[in-house]
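> coords please:
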Amino acid sequence: MVRSAAALVLVLYLGLTAGAQRKHETPFGSSQPLEGALHGRIYSLPLNTRSLPDFEALHPKGDFYAYSLTVKTQDTFPWHGLPGPEWYALDYRGTFFAAKPMRLHFFLVSDDGSKLYIDDRCIIDNDGIHASRMKGGRVRLSQGLHRIRVSYFQGPAPYVALFLSVKVPDQDLKPFDVRDFAAPGDTSQPGLQERQQ
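This is a model prediction of the structure:
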């Protein structure tokens with residue numbers, strides 16, 4: 001079951017980024033605020049940084065907003081809003097709603113380091129300088145609102161990647177999108193079925 005889920009995340013990871021890039025100003029999100037989206041802060045890093053920084057000790061250089069993180073492995077570019085093609089970090093934070101108690105299985109692909117936190121607990125540690133690599137982790141959630149954080153840093157060129165997907169019980173593996181986990185009555189966050197109509 002875990003191997004089939006991992007294989008499926010690779011298919012999603014390779015096949016769904018073209019549409020995501022059309023929606024955003026950059027693969028990492030939009031510089032314009034999006035209601036209910038993940039809010040990413042942008043940071044410059046010193047040359048030869050080897051792991052995720054202490055974000056509290058840094059001053060943000062800008063902001064990105066994204067409903068999902070679906071950046072496939074690709075060449076680095078000096079995208080608008082980023083300090084350059086390498087040596088930067090992004091720290092995304094947001095909330096999502098679990099309609100009932102459930103166990104979620106997350107997969108995180110990155111080049112270079114990344115971590116996934118749910119309710120301030122590290123679920124996936126994919127930190128360090130490395131080529132595109134996937135790691136997974138499970139979390140059991142109570143019904144209600146939960147905090148999510150995805151921290152990422154880009155080290156040396158030439159490649160970049162950041163892709164978060166989730167397996168919900170009785171559903172197929174898919175990219176994690178905060179709109180799929182909207183609180184009841186939150187009209188700013190249409191659910192998956194409404195968005196597909």
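> could you dump stretch 153-163 to PDB, C-alpha only?
Written as PDB, here are the backbone C-alpha positions of stretch 153-163 (Å, rounded to 0.1, in the frame of the first residue of the first chain):
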ATOM      1  CA  PHE A 153      15.600  26.100   1.200                       C
ATOM      2  CA  GLN A 154      17.300  26.200  -2.200                       C
ATOM      3  CA  GLY A 155      21.000  25.600  -2.000                       C
ATOM      4  CA  PRO A 156      23.300  25.500  -5.000                       C
ATOM      5  CA  ALA A 157      22.000  25.400  -8.600                       C
ATOM      6  CA  PRO A 158      21.200  23.800 -11.000                       C
ATOM      7  CA  TYR A 159      17.900  22.300  -9.800                       C
ATOM      8  CA  VAL A 160      14.900  23.200  -7.600                       C
ATOM      9  CA  ALA A 161      11.900  21.200  -6.400                       C
ATOM     10  CA  LEU A 162       9.100  21.500  -3.800                       C
ATOM     11  CA  PHE A 163       6.100  19.200  -4.100                       C
END
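> So for that stretch, mean pLDDT?
Regarding stretch 153-163, the rounded mean pLDDT is 97.
> Now tell me what touches that stretch from outside.
13, 17, 27-28, 45, 49-53, 69-76, 85-90, 108-114, 129, 131-132, 150, 152, 175 (Cβ atoms under 8 Å, 6 or more residues apart in numbering). (C-beta placed from N, C-alpha, C; glycine too.)
> In strands, which of the residues you listed fall?
With DSSP state E as the criterion, strands contain 70-75, 88-90, 108-111, 114, 150, 152, 175 from among the contacts of stretch 153-163.
> buried subset of those residues?
Among the ones in strands among the contacts of stretch 153-163, those buried by neighbour count (16 or more other Cβ atoms under 10 Å) are 70-73, 88-90, 108-111, 114, 150, 152, 175.
> ok, those vs Lys100, which is closest?
Using Cβ to Cβ, Pro175 comes nearest to Lys100 of these, at 21.3 Å.
> Can you tell me how far the nearest residue to Gly144 once chain neighbours are set aside is from Phe181?
Among residues not flanking Gly144 along the chain, Ala98 sits closest, at 6.3 Å (Cβ to Cβ, 6 or more residues apart in numbering). Relative to Phe181, Ala98 is positioned 7 Å away (Cβ to Cβ, to the nearest Å).
> Having no further points to raise, I will conclude here.
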